[in-house]
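[1] I would like the atomic coordinates for the input below:
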Amino acid sequence: QVQLVESGGGLVQAGDSLRLSCAASGRSLSTWAMGWFRQAPGKEREFVAGINFSGSSTSYLDSVKGRFTISRDNAKNTVYLQMSSLKPEDTAVYSCAAAIFRLRPVATEREYNYWGQGTQVTVSS
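    Next up, the predicted model:
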């Protein structure tokens, strides 16, 4: 049974930084593409960032490029999302997900097989 558990969310002010973590248990994520998604109140869930199995290739939502960085530590079975210069519009529940049949980063929800419960990020102005 695979479990993904996010941590690191919280309430911050605009311009601040946060680092989210996604720890996997049950299986190694070293051969999976991983991704971060977010869902704001009243909006559909959207892709934020993705990373390939080795960490050598990444993909980002245009609005977070240059501010967010996805990374992974396969030895720790953990994926990270470093968020800087946060804006109020970044407020959402952030979830990590695993695409176990994909090696490259993917932006499509249906490609992902396992999901975490999410962590709230709130950015005040």
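[2] what's the pLDDT at the closest residue to residue 122 other than its chain neighbours?
    Distances taken as CB to CB, 6 or more residues apart in numbering put residue 11 closest to residue 122, at 4.6 Å, once the chain neighbours are dropped. Bear in mind the C-beta positions are built from the backbone N, C-alpha and C, glycine included. Here the pLDDT value assigned to residue 11 is 98.
[3] check contacts around residue 94.
    Applying CB atoms under 8 Å, 6 or more residues apart in numbering to residue 94 gives the contacts 6, 9, 20, 36-38, 48, 81, 118-121.
[4] distance of it from residue 103?
    23 Å (CB to CB, to the nearest Å).
[5] then residue 71?
    17 Å.
[6] what's the helix or strand for the most centrally placed residue in the chain?
    Centroid check for the chain by CA atoms, centre = their mean gives residue 36 as the closest residue, at 2.3 Å. Counting by DSSP states H and E, the element that carries residue 36 is strand 33-39.
[7] could you check the angle strand 33-39 makes with the helix or strand following that strand?
    Beyond strand 33-39 on the C-terminal side, the first helix or strand identified by DSSP H and E is strand 46-51. Strand 46-51 runs at 160 degrees relative to strand 33-39, counting by axes from the mean of the first three to the mean of the last three CA atoms, to 10 degrees.
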